[in-house]
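Visitor: Below is the structure, and that's it, no one-letter string:
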């Protein structure tokens with residue numbers, strides 16, 4: 001598989017996918033219950049496991065992003081269990097086929113401490129979500145914790161999901177071209193086009209002049225050629241006269 005998110009480290013999960021493809025409408029955040037350290041294990045666990053378990057993305061403690069499942073396929077991550085579907089979701093369709101899942105290295109009980117706002121892991125999560133929200137037209141507000149759709153889960157614990165969403169929105173706005181920037185870019189494009197059109201006009205005018213000169217000189221050149229031919233035929237010297245026909 002190839003990465004959907006530029007720069008993601010691909011470690012393909014062993015098990016994922018349904019009879020139909022994924023149409024991502026939202027994000028579900030998880031913690032894999034592994035230590036937040038320099039030894040990410042979860043992507044490799046999903047790669048080797050026989051269980052029906054996987055995730056779309058994994059964000060390591062040091063801010064590296066792994067992709068385990070293509071966005072076009074459903075990860076075995078956050079099916080609804082004993083709770084209602086979110087309001088935006090189609091309750092007749094598996095939630096795994098409407099979401100992208102992200103495992104954030106750490107524990108539910110301490111993720112708010114091991115991933116403080118502004119940390120490499122926090123920034124990597126925000127950048128991942130902002131990039132894919134723009135690419136897939138996912139509203140950042142459609143971000144929820146696993147515990148919100150399953151009575152058996154508590155992750156991602158006390159992670160400040162609302163702050164994550166706010167930072168994703170800010171990141172997306174910073175990456176957008178403002179009206180003033182757009183107008184400045186449009187002015188540059190217009191100037192380039194005007195210059196190109198002007199140069200094209202000059203080239204056309206010059207070509208026309210060249211053709212007019214060629215047309216005017218052609219009869220004179222024909223007379224000169226005829227004269228030289230006649231001179232060679234009768235042996236006339238320069239200064240002698242000859243009647244041209």
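Guide: Noted; the coordinates are in hand. What you see is a predicted model; the values in this text were computed from it and never measured.

Visitor: pLDDT below threshold where in this structure?
Guide: Within the chain, the segments meeting pLDDT under 70 span 176-183, 185-186, 189, 193-194, 196-206, 217, 220, 227-245.

Visitor: can you list the domains in it?
Guide: 9-175, 177-236 (automatic domain parsing).

Visitor: out of those, deepest packed?
Guide: Compared across the domains of the chain, domain 9-175 shows the largest average neighbour count, a mean of 18 (mean count of other Cβ atoms under 10 Å). (C-beta placed from N, C-alpha, C; glycine too.)

Visitor: and that domain, how far apart are its ends?
Guide: 23 Å (Cα to Cα, to the nearest Å).

Visitor: Now do the contacts for the most centrally placed residue in the chain.
Guide: In the chain, the residue lying closest to the centroid (Cα atoms, centre = their mean) is residue 135, at 6.0 Å. Shown in contact with residue 135 (Cβ atoms under 8 Å, 6 or more residues apart in numbering): residue 4.

Visitor: where does it land in three-state SS?
Guide: Judged by DSSP: H, G, I helix; E, B strand; the rest coil, the three-state class of residue 135 is helix.

Visitor: okay, the domains of the chain in a markdown table with distance to residue 3 next?
Guide: What follows is the domains of the chain, written out as a markdown table (distance: least, Cβ to Cβ, whole Å):
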| stretch | distance to residue 3 |
| --- | --- |
| domain 9-175 | 5 |
| domain 177-236 | 26 |
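
Visitor: so which of those gets nearest residue 2?
Guide: Residue 2 lies closest to domain 9-175 among the domains of the chain, at 7.1 Å (Cβ to Cβ).

Visitor: ok so, going back, show me the one of the domains of the chain that comes nearest residue 1.
Guide: Using Cβ to Cβ, the domains of the chain put domain 9-175 closest to residue 1, at 5.2 Å.

Visitor: Report the distance from that closest one to the chain centre.
Guide: When C-alpha coordinates are averaged (Cα atoms, centre = their mean, to the nearest Å), domain 9-175 and its chain have centres 20 Å apart.

Visitor: same deal with stretch 167-176?
Guide: For stretch 167-176, the distance to the chain centre is 15 Å (Cα atoms, centre = their mean).

Visitor: For that stretch, give me every contacting residue.
Guide: For stretch 167-176, contacts defined as Cβ under 8 Å, 6+ apart pick out 117, 122, 126, 127, 129, 130, 133, 134, 140, 143.

Visitor: try 7 Å this time
Guide: 126, 127, 129, 130, 133, 134, 140 (Cβ atoms under 7 Å, 6 or more residues apart in numbering).
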